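Q: Below is the sequence, then the predicted model.
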Amino acid sequence: NIHTQNTVDVTVTGTVNWFGSREELAIGADYLRLKVRSDNEAYSSIGAPLGDLRTFNPAAYPDPRLTGPPAFGLAAASSLDQYGMFASIRVYFGDQWSMTGGARLSSVHADTQLTVRVPPFFEDELSTSVDTDDVVTPYAGLMYAFDPNYSLYVSYADIYRALNTIAEQAPGKRLGPMRGVNIEAGIKGEWRNGALNGSLAVYRIEQSNNARQVSGEPDFDPSTNCCFAGPSSNSRGLDVDLHGELTPAWSISAGYSYNENESPEGDALSRFTPNHLLKLWTNVRLPGELRR
């Protein structure tokens with residue numbers, strides 16, 4: 001496999017005072033180009049996988065450059081161009097209230113080509129192309145600092161995923177992009193002048209047009225991407241996090257996550273996402289002669 005990625009990201013930040021309030025501004029733009037190519041034709045005739053390194057026999061693995069054409073070949077090439085602009089502002093209303101808002105304008109272009117060869121009997125190509133221009137995804141948040149060490153917040157953000165359009169809901173008719181909403185609320189704490197930070201958050205994510213195969217064989221078929229439905233799904237949970245220095249010599253990072261995700265049929269949307277996830281790390285610098 002060959003992966004090539006180029007990225008450019010530029011962000012300008014600043015602080016102004018408008019209408020008697022303090023505002024923090026951020027404006028930026030980014031560009032990503034990703035190319036991926038994989039081809040198994042160079043390896044399909046090398047031989048059987050090596051079972052035991054101690055029994056390796058070079059004669060059993062001839063030089064692949066001297067072998068004949070492979071009995072089966074599969075090559076895939078894809079390219080992705082993703083670019084966008086964003087702007088955000090945070091307004092402070094006194095010492096306790098602040099509000100954040102912004103939006104991103106993004107575009108995506110992706111091409112995928114799949115080639116299947118069974119010389120000399122069969123060769124077929126499948127090409128797909130996705131274009132998404134000028135999609136706006138807004139977000140907003142409100143924060144209330146009710147204590148020098150604690151603050152409450154609530155936030156809203158749009159979700160958009162263009163590459164879901166490769167799936168088809170009918171022959172020749174693409175399913176369309178995935179859209180969603182993320183709503184979150186919680187409390188944040190800061191102690192020891194910012195050396196120790198903690199947070200507790202609850203969230204709910206709703207997605208629409210989530211690709212689910214409803215017909216066709218589940219096995220790989222290079223001639224079709226059909227057929228998929230785009231029902232809604234949701235995910236909700238809780239996150240607790242504590243990280244930083246408990247003392248100048250004792251650092252900690254701990255977190256707990258609880259998640260429930262559900263498909264329209266009532267089963268798990270993601271079987272790889274655990275319901276309970278606990279992470280713990282700590283580091284203690286010993287005193288005196290043990291410091292080394």
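A: Great, that's in hand. Residues are numbered from 1 along each chain as shown.
Q: hey, let's count contacts and neighbours off CA atoms from now on
A: Noted.
Q: Stretch 96-115: which residues count as buried?
A: 97-112, 114-115 (16 or more other C-alpha atoms under 10 Å).
Q: ok, then the element right after the helix or strand I89 falls within?
A: Assigned by DSSP states H and E, I89 falls within strand 73-93. Sequence order places strand 97-118 as the next helix or strand after strand 73-93, per DSSP H and E.
Q: List the strands paired with that following strand, with their directions.
A: strand 73-93 (antiparallel), strand 122-147 (antiparallel) (DSSP bridges).
Q: quick one: low-confidence parts of the chain?
A: Along the chain, the model assigns pLDDT under 70 to residues 40-50, 62, 64-72, 118-122, 163-172, 213-226, 263-270.
Q: any idea which residue sits dead centre in it?
A: R161 (10.0 Å; C-alpha atoms, centre = their mean).
Q: Next, the contact list for that one, please.
A: Residues in contact with R161 (C-alpha atoms under 8 Å, 6 or more residues apart in numbering) are 177-179.
Q: R104 now?
A: 84-87, 135-138.
Q: rewinding a little: just put the strands paired with strand 97-118 in JSON lines and tack on mean neighbour count.
A: Putting the strands paired with strand 97-118 into JSON lines (neighbours: other C-alpha atoms under 10 Å) gives the following:
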{"stretch": "strand 73-93", "mean neighbour count": "18"}
{"stretch": "strand 122-147", "mean neighbour count": "15"}
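Q: Tabulate those strands (CSV), appending distance to L278.
A: As requested, those are arranged in CSV below (distance: least, C-alpha to C-alpha, whole Å):
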stretch, distance to L278
strand 73-93, 33
strand 122-147, 27
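Q: so which of those comes closest to F272?
A: Closest approach to F272 among these is made by strand 73-93 (26.1 Å; C-alpha to C-alpha).
Q: Convert the C-alpha atoms of the closest one to PDB, please.
A: What follows is strand 73-93, C-alpha atoms only, in PDB (Å, rounded to 0.1, in the frame of the first residue of the first chain):
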ATOM      1  CA  GLY A  73      -5.400  -9.400  -9.200                       C
ATOM      2  CA  LEU A  74      -7.100  -6.600  -7.200                       C
ATOM      3  CA  ALA A  75      -6.000  -3.000  -7.400                       C
ATOM      4  CA  ALA A  76      -7.600   0.000  -5.700                       C
ATOM      5  CA  ALA A  77      -6.800   3.700  -6.100                       C
ATOM      6  CA  SER A  78      -8.500   6.600  -4.300                       C
ATOM      7  CA  SER A  79      -7.900  10.300  -3.900                       C
ATOM      8  CA  LEU A  80      -9.500  12.800  -1.500                       C
ATOM      9  CA  ASP A  81      -9.400  16.600  -1.600                       C
ATOM     10  CA  GLN A  82     -10.900  18.300   1.400                       C
ATOM     11  CA  TYR A  83     -10.700  22.000   2.100                       C
ATOM     12  CA  GLY A  84     -12.600  24.600   4.100                       C
ATOM     13  CA  MET A  85     -12.700  27.800   6.100                       C
ATOM     14  CA  PHE A  86     -13.900  28.500   9.600                       C
ATOM     15  CA  ALA A  87     -14.500  31.500  11.900                       C
ATOM     16  CA  SER A  88     -15.300  31.600  15.600                       C
ATOM     17  CA  ILE A  89     -15.900  34.200  18.300                       C
ATOM     18  CA  ARG A  90     -16.000  34.000  22.000                       C
ATOM     19  CA  VAL A  91     -17.700  36.900  23.800                       C
ATOM     20  CA  TYR A  92     -17.200  37.600  27.600                       C
ATOM     21  CA  PHE A  93     -20.200  39.200  29.300                       C
END
